[in-house]
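>>> just to be clear, the model below is a prediction. Sequence and coordinates:
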Amino acid sequence: METTVSASKHAANWHLSWQVAVGRDLVSHPKLIEKITARLIRSHGRHGRALLYYVVTPREIHVLSRISVGDSPREVAREVAAIVARWVRELQGVRGPVFAGRYHAHELRTDEELKYEVRMLSWRPVTAGLCTRPLAYVNSSLRTTLGQRRAYGFESRPLLSVFEGGVLDARNAMRRLIRRRPAQPELREWELNHGLAIAVGTAGASFGLAREVDGPAASLVAASSTQDIDGALQLLERWVMSRLDLPQKGDLGCVPGAIGSRARALVAGLAVQAGLCPAASVARHFGRARATLCEQMSVSRKRVEDRVLLGTPMALILDEVKKLSRGRSR
């Protein structure tokens, strides 16, 4: 039966995702993937819910849901996670957690955000090395939505209604949408924002640094050449050095005097503000004492011109760094 729920003030679109723990596998047995798919469909059978898209890989479950006001992603997640975990334990005969952590939920506030998630999820099996093209993967709703497989209880019209025209027009629009494969920086940023990957670095207290990041910090990590926290800090270094008219080829950690202290404090302020890493990690990155750097950050926040720099949107910082890179490559 079709669930007629539209995204409006009465409902919202959500991306729910789970990752399994090391050693667990969600598609190791045909019966297991069949039961998981049926559970995803059944969990959206309640009035006010619609299952827009799903994909199950060996290590992940992704669901695009339309959920009415008064209901919640938490309730949907509860109806999925516990029973799936029980099935996996029964199949593998091994005690312990099945999922690596709690589910992640991201609200998709516009149709464009929803379409973007459809594109990224259609390519997820490919980027995970499970197939060579999106339509080759069987454990998702993509082929059903595009009319290439029987529905088996899945209703494709709620997602197709996001596209203009009738069913055929909507399917053609969806094919055009998923035609372009995500570039590596785009994929990396998406994974970080959805809790599917963690950012690592060398400036940790004991064994390096590993932490979840999202938003501006995810953008920084994905845009860096090494796609890690060290690379993100280097991007901030380059931007700060350009704004303070410091030589781009130098190592900011070695710049002496007040100008060096100011520049390092600005990098630390931007990193902390973006949620990239704590001040202690920036201090280790530069080979400086944390207390000294924090004191310099405090002075920097009181300086009017530094507050202007600290208030620069991350998108503008990344754009200016890209221009610097193009200028150096000429």
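Cool, the structure landed.
>>> can we go C-alpha only for contacts and neighbour counts from here?
Will do.
>>> which residue packs closest to Val200, ignoring adjacent ones?
Ala210 (4.3 Å; C-alpha to C-alpha, 6 or more residues apart in numbering).
>>> which strand or helix spans that neighbour?
Using DSSP states H and E, Ala210 sits in strand 209-211.
>>> now whichever helix or strand comes after that strand: mean pLDDT?
Using DSSP H and E, the helix or strand that follows strand 209-211 towards the C-terminus is helix 215-223. Averaging pLDDT along helix 215-223 yields 95.
>>> in terms of secondary structure, what does the strand holding Ala210 contact?
strand 199-201 (3 or more C-alpha pairs under 8 Å, 6 or more residues apart in numbering; DSSP states H and E).
>>> list the helices and strands the helix or strand hosting Ile36 packs on?
Per DSSP H and E: Ile36 is located in helix 30-43. Taking 3+ C-alpha pairs under 8 Å, 6+ apart as contact, the helices and strands that helix 30-43 lies on are strand 49-56, helix 73-92.
>>> 10 Å - rerun?
strand 49-56, strand 60-68, helix 73-92 (3 or more C-alpha pairs under 10 Å, 6 or more residues apart in numbering; DSSP states H and E).
>>> just the CA trace of the last one, in PDB.
Which is helix 73-92. What follows is helix 73-92, C-alpha atoms only, in PDB (Å, rounded to 0.1, in the frame of the first residue of the first chain):
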ATOM      1  CA  PRO A  73      13.700   9.200  13.100                       C
ATOM      2  CA  ARG A  74      14.500   7.700  16.500                       C
ATOM      3  CA  GLU A  75      11.400   5.500  16.300                       C
ATOM      4  CA  VAL A  76      12.200   4.300  12.800                       C
ATOM      5  CA  ALA A  77      15.800   3.500  13.900                       C
ATOM      6  CA  ARG A  78      14.500   1.600  16.900                       C
ATOM      7  CA  GLU A  79      12.300  -0.600  14.700                       C
ATOM      8  CA  VAL A  80      15.200  -1.500  12.500                       C
ATOM      9  CA  ALA A  81      18.400  -1.800  14.600                       C
ATOM     10  CA  ALA A  82      17.400  -4.200  17.400                       C
ATOM     11  CA  ILE A  83      15.900  -6.800  15.200                       C
ATOM     12  CA  VAL A  84      18.700  -6.600  12.500                       C
ATOM     13  CA  ALA A  85      21.300  -7.000  15.300                       C
ATOM     14  CA  ARG A  86      19.500 -10.100  16.600                       C
ATOM     15  CA  TRP A  87      19.400 -11.700  13.100                       C
ATOM     16  CA  VAL A  88      23.100 -11.000  12.600                       C
ATOM     17  CA  ARG A  89      24.000 -12.600  15.900                       C
ATOM     18  CA  GLU A  90      21.900 -15.600  15.200                       C
ATOM     19  CA  LEU A  91      23.500 -16.100  11.800                       C
ATOM     20  CA  GLN A  92      27.100 -15.600  12.900                       C
END
